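Novice: build me a model from this:
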Amino acid sequence: MAAIHQCDYIWFSHGHADHLNSDSLDKLSQKKILLPDHVGGRIKSGRQESGLKVQVLPQKQWVQLSPHVKVMCLADFNQDATLLVAMGNNLIIDFNDGKAVGYKYFIRQVSKAFKRRVLLALRNYGDADMLSLWDDKGNYLPPPAANKPSVGKMDAALAKE
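Specialist: Purely as a prediction, here's the structure:
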């Protein structure tokens, strides 16, 4: 929490409540909120109405945040976004819980210019709240994820891609 309160910028990839919690934003009112350029600008207007400092990042353009850090936002048609963070020869690729829809080739091309690349990607099967189901006779019902490949294999494939 101390590190969060010391930073100058906060990034939100999209407006789901698990990413953009209004109660938490009150504690971050002195930070600059970085947002993707999503269609309609609903998140931007809502945050500005709350009195927060908001900066919409232009699509596919580097924005210098400090002498050593620049970012690039890739908003997709799912109203999600990927953030690229460049620090010298290091690139952080933040997929968050999105899929970089339509941008994987572009990201691959951009990443070639960096010596070290780090992928941040939350992966699951979309059933995190459906893992403990039982029928009316008390029999356990396995989730659909039980028949899917391991998350580790999915992450390795994503990183390779």
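
Novice: average pLDDT across stretch 113-124?
Specialist: On average, the pLDDT along stretch 113-124 is 88.

Novice: got the CA positions of that stretch in PDB?
Specialist: Taking C-alpha atoms only, stretch 113-124 is exported to PDB below (Å, rounded to 0.1, in the frame of the first residue of the first chain):
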ATOM      1  CA  ALA A 113      13.400  -3.600 -29.800                       C
ATOM      2  CA  PHE A 114      13.900  -4.600 -26.100                       C
ATOM      3  CA  LYS A 115      16.500  -6.900 -24.600                       C
ATOM      4  CA  ARG A 116      14.300  -8.100 -21.700                       C
ATOM      5  CA  ARG A 117      10.500  -8.600 -21.900                       C
ATOM      6  CA  VAL A 118       8.100  -9.400 -19.000                       C
ATOM      7  CA  LEU A 119       4.600 -10.500 -19.600                       C
ATOM      8  CA  LEU A 120       1.900  -9.800 -16.900                       C
ATOM      9  CA  ALA A 121      -1.200 -11.700 -17.600                       C
ATOM     10  CA  LEU A 122      -4.000 -12.900 -15.300                       C
ATOM     11  CA  ARG A 123      -5.300 -16.200 -16.600                       C
ATOM     12  CA  ASN A 124      -8.200 -18.400 -15.500                       C
END
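
Novice: hmm, who's touching it?
Specialist: For stretch 113-124, the external contacting residues (CB atoms under 8 Å, 6 or more residues apart in numbering) are 86, 89-97, 111, 145, 151, 154-155, 158-159. All C-beta atoms are positioned from the backbone trio N, CA, C, and that covers glycine.

Novice: sec struct for the residue nearest to residue 83 when sequence neighbours are not counted, please.
Specialist: Take residue 83 and drop its neighbours on the chain: the residue closest to it by CB to CB, 6 or more residues apart in numbering is residue 94, 4.3 Å away. With DSSP: H, G, I helix; E, B strand; the rest coil as the basis, residue 94 sits in strand.

Novice: how about the contacts made by residue 94?
Specialist: Applying CB under 8 Å, 6+ apart, the residues near residue 94 are 11, 13, 82-85, 120.

Novice: quick one: buried ones out of those?
Specialist: When the contacts of residue 94 are checked for burial by 16 or more other CB atoms under 10 Å, the buried set is 11, 13, 82-85.
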